[in-house]
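Student: Sequence first, predicted coordinates after that:
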Amino acid sequence: MEESILNSTKKILGLEESYTAFDLDVITHINTAFSTLEQLGVGPTGGYMITDNVPTWAEFIGSDPRYNSIKSYVYLRVRMLFDPPTTSYHTEAMKRQLEELEWRLNMTREFDLDPLAPPGDFILDGGGP
C-alpha cells in the first residue's frame, strides 16, 4: 500500500486519518511546503500539489531514498504553520531543523545536477574553488 501524503502528515501531527475537520488547513500548508521545495529545485518539474488523500509520497519523491527527508521537511513546515510551538526555544529548534533539511536537500539536488563535481567544491562570491 502506498503512503498517502495527507494521511501520513495528519498522523505525525497527531490527527486521526478519519478526522477531516482540518484537512483543508493541512492540505494548504502541505502545498506551501511543496512550493518552497520547488523553489529549492526539489520535486517534480513545474511543482506539485495535493487536493485530497490520494497522492502518495512515491509520486512526489519517486524511488530515490536520499529524498526521504522531504517527509520530515513537509511535516515541520506544516507544524510551524498549523500548530506552532509555544516556546521560543522550540520554535528556534524547529527553524534550525528546517534550515538543515533545506541545505541537505539542496546539496543532494546540486550533486544530482553535476554528479562529477566533488562534494564541497564550491565557489563563493565569484572567487575560485
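Tutor: The structure has been received and is ready for your questions.
Student: Point out where this structure drops to low pLDDT.
Tutor: For the chain, the stretches flagged by pLDDT under 70 are 1, 114-129.
Student: Scan it for its longest helix.
Tutor: Longest among the helix segments of the chain by residue count, using DSSP state H, is helix 88-113.
Student: which element is the residue lying closest to M49 once chain neighbours are set aside on?
Tutor: For M49, ignoring the flanking residues on the chain, the nearest one in space by C-beta to C-beta, 6 or more residues apart in numbering is N31 at 4.6 Å. Where you see a C-beta, it was placed from the backbone N, CA and C, and this is true even at glycine. Assessed by DSSP states H and E, N31 sits inside helix 23-39.
Student: ok, the closest residue to A33 other than its chain neighbours to D83 distance?
Tutor: Once flanking residues are discounted, A33 sits nearest to R77: 3.8 Å by C-beta to C-beta, 6+ apart. Per C-beta to C-beta, to the nearest Å, R77 is found 12 Å from D83.
Student: Neighbour count: the two, which is higher?
Tutor: R77 (23 against 14; other C-beta atoms under 10 Å).
Student: Would you mind getting the angle between the host helix or strand of the more buried one and helix 23-39?
Tutor: Element membership of R77, judged by DSSP H and E, is helix 69-82. Angle, helix 69-82 to helix 23-39, by axes from the mean of the first three to the mean of the last three C-alpha atoms, to 10 degrees: 130 degrees.
Student: And helix 69-82, what does it pack against?
Tutor: If contacts are counted by 3 or more C-beta pairs under 8 Å, 6 or more residues apart in numbering; DSSP states H and E, helix 69-82 sits against helix 5-13, helix 23-39, helix 57-61, helix 88-113.
Student: Could you pull up the contacting residues of the closest residue to N53 other than its chain neighbours?
Tutor: Leaving aside its sequence neighbours, N53 sits nearest to L6 (C-beta to C-beta, 6+ apart; 4.2 Å). With contact taken as C-beta atoms under 8 Å, 6 or more residues apart in numbering, L6 is in contact with 23, 26-27, 30, 50, 52-53, 55.
Student: now L6: how far from P84?
Tutor: 20 Å.
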